[in-house]
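Asker: test case, fold it:
(chains A and B)
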Amino acid sequence: MKLNNRLIASLALLATVMWLGSAQASTIDEIKKRGHVKCGVSAGLPGFSAPDSKGNWQGLDVDVCRALGAAIFGDAKKVKFVGLSAQQRFTALQSGEVDVLTRNTTHTLSRDTSVGLNFAPTNYYDGQGFMVKKKSKITSAKQLSGAAICVQQGTTTERNLADYFRQNKMKMKPIVMEGNDELFKAFLAGRCDALTTDASGLAAERTKAKNPNELVILPEVISKEPLAAAVRHGDDAFFDIVKWTVYALISAEELGITSKNVDQKIKSYNPDVLRFLGKVPGNGKALGLDEKWAYSIVKQVGNYGESFEKHVGKKTALRLDRGLNALWTDGGLMYSPPLK
Amino acid sequence: MPQIFYSLAFRRHLLQFSVLGIVAALFWFLISNAITNLSEQRIASGFDFLFTEAAFDIGESFIEYSSTSSFLKAFQVGLLNTLLVALIGNIFAVFLGTFIGMARVSSNWLIKKVSDVYIETFRNIPLLLQLFFWYVLISEFLPSVREAEPYLGSVFLTQRGLYFPFPQNILEPTAIALFALISLVMIYRKWRKSNRFDFKPLLLPVVLGAFVLIFGRPLEFTSPMLAGFNFEGGASITPELGALLLGLVLYTAAFIAEIVRSGIESIDRGQVEAGMSLGLKPPLVFQFIVLPQAMRVVVPPLTSQLLNLTKNSSLAVAIGYPDLLNVSNTALNQTGQAVECILIVMLIYLSFSLLTSLVMNIYNKKTAIPGEAR
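Answerer: Got it, this is the predicted structure:
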């Protein structure tokens, strides 16, 4: 029975939260002892994290986790993925079930403080949107007054939705469900007039429909959703590693290092490149990692741009523009502090 | 060793108190540890959040609620929604279960077989699956709001729920109906005792009714009308509530039917024959001989089924009905205060269960054979 599972899970959480104090080894020591990194990911969001036909996890968020494996062990395969619902994710992280959340999580003040999380740099700048059926002939979110709207539980979207309708003096009826798939089915069946979540999520869900062309994403973006990886409060060393792993992905793109040319680049004369790849030592020691940490990331996972094009870019089913997620030099927001 | 240790009573008490002490110490340790850990990780704790703005909407609610209301209000909405499901669900489950249980001991072959099949089917399919089944059935196979044809003038059965006309002011009529019901019961009891009709108790509802008719608001029915995306006016049962009730009632009724059957079959055949030989007709035998005795067997296990239905209603979150657990899950996510939210929910379900048990135990004592109550 589902209730019982939930109860057991809650009790387990209570118990773990309560016992945490007795054994507080540092996260990185625990990971090294265990031999792999445990990442909490979305259980099925194509392009961000979803298992492919062979059962391998693929996606933009999954790549951040792989990069962590590469940075810590020099092997991007030394990671395990735990599929989490939006509802479960914070408790799973707080209780130590996973080491890090790489699960399209919006960075907000309350999560950064009272939920007890520390956020790595944003790896996808997103915003909340609406999707409707083409035959409804709706072209703007402003026409949605009185509509029934499908929304997933446990997300910032519930709040944004309420705020947006309040601000525009419109009414709506939320249909809130825990499961993403059940929610999408209810939307397709016609239980709701619109489905709302992050724009990237809408694009991802649309690929699951039998006929994606019958679904339209409305132009309004009603919120800022900087999606980022997150760790627990209280372990600065591990937080640094996660933070700089994300920066390394971006920095590699800035420096023009890709998984294909990394072995040529290591012979270059650019001091930034040499420092990045560990030919000139220092960065690795500072983070408590092997000097080749960034080399392993790029060699095995690729840079941010490669990862983006492979999973969510123009050639994928999601067909997303780089937009805000382009490098700052191309008019986007992706910017890495210097790795020195 | 002091003499007192040789006393059996003392040693027994010592043992009991030390176990109690250990349990209390364990709890104290766990709680204080939790508080320290939460503050060390700088995770907010305490119940202050209940009075801050919830900032999320809830699909259906009896009381005035908007996204500017507090979390406390949100919990109240969830609580009332759970109570509604528990109340309606339990009433229907008991009636349906009793009916099917009686059908199972029927001498009519067809009725017996139909109820056999019903029980075996509904009892053996997981409830969560049944809920999904009803929900999909409603949302996939019923007509959309625009295509729906009215039944009986202005009743609409659509994939967004059942819409029907409803009076806008139901307080006065409900009150009068309640008074009328009570007075009818009083008249009936008097008639049973003395075989005389005494209509005096009807005076109050009649006077009250006349008063409301003359001075009260008119009973305005509004009918559902298509406005924008959905129907407006009248009242409606949403597919979430409908599917949840259908699933819970049909599932629990199968269990109750088995309990009722076992109760009826526990009555000795001789009792029925004795009743018949006194010249009572079969319905009277059932009413005065079988049923009162069967109730003694039925009530205790029935109580646990009522509790089950109430607790199972928390599966609502899967199909999107805003019950207590659903609302609490959202609150948990907005605030991150998992321990507090789970504690609130656990306490509420616990008090529901204890309350139901209490009521059913009182009823059980009343129906039990005097002096034999267990």
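Asker: tell me the phi and psi of the closest residue to chain B within the stretch 201-340 of chain A?
Answerer: Residue of the stretch 201-340 of chain A nearest chain B, by C-beta to the nearest C-beta: A:H233 (4.7 Å). For every residue, glycine as well, the C-beta is placed using N, CA and C. Reported as degrees, to the nearest 10, the phi and psi values for A:H233 are phi -60, psi 150.
Asker: over to B:F166?
Answerer: phi -150, psi 140.
Asker: repeat that for A:K173.
Answerer: Dihedral angles of A:K173 (phi, psi; degrees, to the nearest 10) stand at phi -130, psi 110.
Asker: name every strand pairing with the helix or strand A:F119 falls within and say which way it goes.
Answerer: Using DSSP states H and E, A:F119 maps to strand A:117-126. Applying DSSP bridges to the sheet, strand A:117-126 is found paired with strand A:225-232 (antiparallel).
Asker: could you point out the helix or strand that follows the partner strand?
Answerer: helix A:236-254.
Asker: now for that following helix, which elements pack on it?
Answerer: helix A:27-34, helix A:60-73, strand A:117-126, strand A:225-232, helix A:271-277, helix A:283-287, helix A:293-300, helix A:304-311 (3 or more C-beta pairs under 8 Å, 6 or more residues apart in numbering or on different chains; DSSP states H and E).
Asker: neighbouring contacts of the helix or strand following that helix?
Answerer: Counting by DSSP H and E, the element after helix A:236-254 in chain order, helix or strand, is helix A:262-265. Helix A:262-265 has contacts (C-beta atoms under 8 Å, 6 or more residues apart in numbering or on different chains) with A:255-257, A:273, A:277, A:295, A:298-299.
Asker: list only buried entries from those.
Answerer: With burial judged by 16 or more other C-beta atoms under 10 Å in any protein chain shown, the buried subset of the contacts of helix A:262-265 is A:255, A:257, A:273, A:277, A:295, A:298-299.
Asker: and which of the contacts of helix A:262-265 is nearest A:E30?
Answerer: A:Y295 (24.8 Å; C-beta to C-beta).
Asker: ok, and the closest non-adjacent residue to that closest one?
Answerer: Closest residue to A:Y295 apart from its sequence neighbours, by C-beta to C-beta, 6 or more residues apart in numbering or on different chains: A:L277 at 4.6 Å.
Asker: next, count neighbours for residue 202.
Answerer: Picking chain A for this. By the criterion of other C-beta atoms under 10 Å in any protein chain shown, A:L202 has 21 neighbours.
Asker: to clarify, I was referring to chain B.
Answerer: 15.
Asker: in what helix or strand does the closest residue to it other than its chain neighbours lie?
Answerer: Counting by C-beta to C-beta, 6+ apart, the nearest residue to B:L202 once its immediate chain neighbours are dropped is B:S183, at 5.0 Å. Using DSSP H and E, B:S183 maps to helix B:171-194.
Asker: give me the mean pLDDT for that helix.
Answerer: On average, the pLDDT along helix B:171-194 is 81.
Asker: by contact count, what packs against that helix?
Answerer: Checking 3+ C-beta pairs under 8 Å, 6+ apart, helix B:171-194 ends up next to helix B:203-215.
Asker: quick one: the helix it packs on to helix B:171-194, angle?
Answerer: 160 degrees (axes from the mean of the first three to the mean of the last three C-alpha atoms, to 10 degrees).
Asker: work out the gap between helix B:203-215 and the centre of the chain.
Answerer: Centre-to-centre, helix B:203-215 and its host chain are 33 Å apart (C-alpha atoms, centre = their mean, to the nearest Å).
Asker: give me the residues contacting the helix or strand that it is followed by.
Answerer: Reading on from helix B:203-215 to the C-terminus, the next helix or strand found by DSSP H and E is strand B:221-222. Residues from elsewhere that reach strand B:221-222 (C-beta under 8 Å, 6+ apart): B:165-168, B:233-234.
Asker: what's around A:K134, how many residues?
Answerer: Neighbours of A:K134 (other C-beta under 10 Å): 11.
Asker: that one and chain B, how far apart?
Answerer: 15 Å (C-beta to the nearest C-beta, to the nearest Å).
Asker: pretty sure that residue sits against A:V216.
Answerer: Yes. Using C-beta atoms under 8 Å, A:K134 is in contact with A:V216, at 5.2 Å.
Asker: picking that back up, give the buried residues for the helix holding B:S183.
Answerer: Buried-residue list, helix B:171-194, by 16+ other C-beta under 10 Å: B:172, B:176, B:179-180, B:183, B:187, B:190.
Asker: just for the stretch 101-250 of chain B, where's the confidence low?
Answerer: B:168-170, B:216-220 (pLDDT under 70).
Asker: and the furthest pair within the contacts of strand B:221-222?
Answerer: Going by C-beta to C-beta, the pair spanning these furthest: B:P167 and B:G233, at 11.5 Å.
Asker: give me the residue from the stretch 251-374 of chain B nearest chain A.
Answerer: Counting by C-beta to the nearest C-beta, the stretch 251-374 of chain B gets nearest to chain A through B:G336 (3.2 Å).
Asker: host element of the closest residue to that residue other than its chain neighbours?
Answerer: Closest residue to B:G336 apart from its sequence neighbours, by C-beta to C-beta, 6+ apart: A:V115 at 3.2 Å. Per DSSP H and E: A:V115 is located in neither a helix nor a strand.
Asker: one step back: same list (the contacts of helix A:262-265) but as TSV, adding pLDDT.
Answerer: Below are the contacts of helix A:262-265 laid out as TSV (pLDDT from 0 to 100):
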residue	pLDDT
A:L255	95
A:G256	94
A:I257	95
A:V273	93
A:L277	94
A:Y295	95
A:V298	95
A:K299	95
